[in-house]
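> Kindly return the folded structure for what I paste below:
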Amino acid sequence: MNKMALVKPKIAVHLITAANAYQIQSQEDALSTARRLDVDVILQFADADATRQIHQICEQVYCDPARRPQALIVEAVRDGGMERVVKNAARAGVGIVLIHGDGQFIDAVRKEFPDVLLSWVTADNEEIGRIQARQFRAFLPRGGLVLYVTGPSTSSTSQRRLDGAREALKGSNIELSIVAGSDWTSATGEKIVSDWLRLVVPGGVTPALVGCQCDDFAVAAGKSLRETAQAFEKPALARVLVTGVDGVPSFGQRLVAENELAATVIMPVATGPAIELVAKALREQKPPPSRLLLPPLSCPEIDTLRPLTDSSGQRVNP
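Below you'll find the model as predicted:
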C-alpha cells in the first residue's frame with residue numbers, strides 16, 4: 001500500500017438504491033461506523049442505475065486530488081464491468097472494497113496492483129440459499145412445490161443463493177419452480193409472481209410455499225397471492241406462506257414477528273465492516289484481507305419452524 005500519513009481517512013460509499021430497507025440499513029451502518037471511527041464518508045445511491053453508478057464512481061476517482069477519497073466502497077448495481085472499474089480506480093491509486101456482488105476477480109487485480117487497497121466484503125450467499133432450503137424442508141417435510149423468486153439471472157448473488165438452495169434440497173421431495181426478476185425491486189417481484197400465478201392457477205396448480213431471495217420480493221409475492229386468490233376465487237392461495245431474505249430489524253424481522261412472513265434470512269450488513277477494514281488498512285498501512293465473508297442467520301431459528309401439513313398430509317392453517 002502507498003505509504004502516506006492520513007490524518008482522517010476519506011471514504012466514498014456507493015450503494016444501489018434508497019428504495020430498499022436493506023440498503024437504508026447499509027446507509028445507517030456506514031454513517032454510524034464512520035462517526036465511531038472518525039472517518040469522513042461521502043455516500044451516494046445510484047437509483048438502481050448501473051450507468052449512473054459508474055459515473056458516480058468516476059467522479060470520485062478522477063476528481064481534484066485534494067478532494068479525492070483514499071478508497072471507495074461499492075455495492076454494484078450490476079456485476080458486469082466492475083472488474084474494469086476496479087482496475088481503472090487502482091491505476092489512479094484509489095482503493096476499492098466491493099460489498100456483496102461478484103468480487104472473484106479481486107485476487108487477480110491485487111496481484112496487478114499490490115500497493116492499492118483492494119478487497120471484497122460479502123455475505124455468504126451460498127449459505128443464505130442453504131438456510132432458505134432448510135426453512136423449506138422444515139415447513140414441507142413431505143415435500144411440495146415451492147415457487148422460488150430469485151434476483152436477476154445475471155447476478156452472482158442470485159446464482160449463489162440458488163446453488164446453495166439446490167444443494168441443501170438434495171434428497172428432499174421439494175420441487176423448485178424458479179422465476180427470476182430483472183432487478184431486486186418490489187414492483188418486479190409483484191409482476192413476476194402475478195404472471196406465474198395467472199399462468200398456472202387456472203390449471204389447478206397451487207404452490208405449497210413461496211420463497212423469495214429478498215424481503216421486498218416476499219412482500220410483493222404476498223400481495224400477488226392475495227390478489228390472485230380474489231381474482232380466481234381460490235381463497236387457499238391467500239394462505240400460502242412466504243419467506244424472504246435480508247432480515248432488516250425494521251422490515252423483514254418485524255414482518256416475521258407480525259406473521260406477515262413465515263421466515264427470513266438475516267443478511268449481515270457489509271458497509272460497517274467494510275469501513276472498519278478500510279480505516280484499519282489506511283491507518284496501519286497494511287493491506288487488508290482479500291475477502292471478508294459475513295455469516296447469515298435464520299429468522300426464526302430453523303428448529304422453531306413447524307410443518308405446514310400434519311402427518312396425514314392435511315394442511316395446517318397458519
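
> Please count neighbours and contacts with C-alpha atoms only from this point.
Noted.

> Walk me through the regions of the protein where pLDDT falls short of the threshold, as ranges.
1-7, 309-318 (pLDDT under 70).

> just the strands in the stretch 51-200 of the chain please.
Counting by DSSP state E, counting those that start in this stretch, the stretch 51-200 of the chain has these strands, from start to end: 71-74, 95-99, 118-123, 144-150, 174-180.

> Now render those strands as JSON lines, adding distance to residue 163.
As requested, the strands of the stretch 51-200 of the chain are exported to JSON lines (distance: least, CA to CA, whole Å):
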{"stretch": "strand 71-74", "distance to residue 163": "24"}
{"stretch": "strand 95-99", "distance to residue 163": "20"}
{"stretch": "strand 118-123", "distance to residue 163": "15"}
{"stretch": "strand 144-150", "distance to residue 163": "11"}
{"stretch": "strand 174-180", "distance to residue 163": "12"}
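
> Relative to residue 204, which of those strands is closest?
Among these, strand 144-150 comes nearest to residue 204, with 12.7 Å by CA to CA.

> ok, now how distant is residue 38 from residue 302?
Residue 38 sits 39 Å away from residue 302 when distances are taken as CA to CA, to the nearest Å.

> Comparing these two, which shows the higher neighbour count?
residue 302 (18 against 14; other CA atoms under 10 Å).

> Could you find the closest non-adjacent residue to residue 197?
Spatial nearest neighbour of residue 197, chain neighbours left out: residue 228 (7.1 Å); criterion: CA to CA, 6 or more residues apart in numbering.

> And that neighbour, how close does it get to residue 211?
Taking CA to CA, one finds residue 228 at 17 Å from residue 211.

> which residues touch residue 139?
305, 306, 307, 308 (CA atoms under 8 Å, 6 or more residues apart in numbering).

> For the stretch 201-318 of the chain, which segments count as helices?
Secondary structure of the stretch 201-318 of the chain, counting by DSSP state H, counting those that start in this stretch: helices at 215-231, 252-257, 271-284.

> Mind checking the ones you listed for the one nearest to residue 242?
Per CA to CA, nearest to residue 242 of the helices of the stretch 201-318 of the chain: helix 215-231, 6.1 Å.

> Tell me what angle the closest one forms with strand 144-150.
130 degrees (axes from the mean of the first three to the mean of the last three CA atoms, to 10 degrees).

> Run the chain-centre distance for helix 215-231.
On the basis of CA atoms, centre = their mean, to the nearest Å, helix 215-231 sits 20 Å off its chain's mean C-alpha point.

> what does stretch 21-30 give?
That offset, for stretch 21-30, works out to 12 Å (CA atoms, centre = their mean).

> The contacts of residue 139 into JSON lines, with extra columns for distance to residue 281?
Formatted as JSON lines, the contacts of residue 139 follow (distance: CA to CA, whole Å):
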{"residue": "305", "distance to residue 281": "42"}
{"residue": "306", "distance to residue 281": "46"}
{"residue": "307", "distance to residue 281": "48"}
{"residue": "308", "distance to residue 281": "49"}
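
> Who wins on neighbours among the residues you listed?
Highest neighbour count within the contacts of residue 139: residue 308, with 20 neighbours (other CA under 10 Å).
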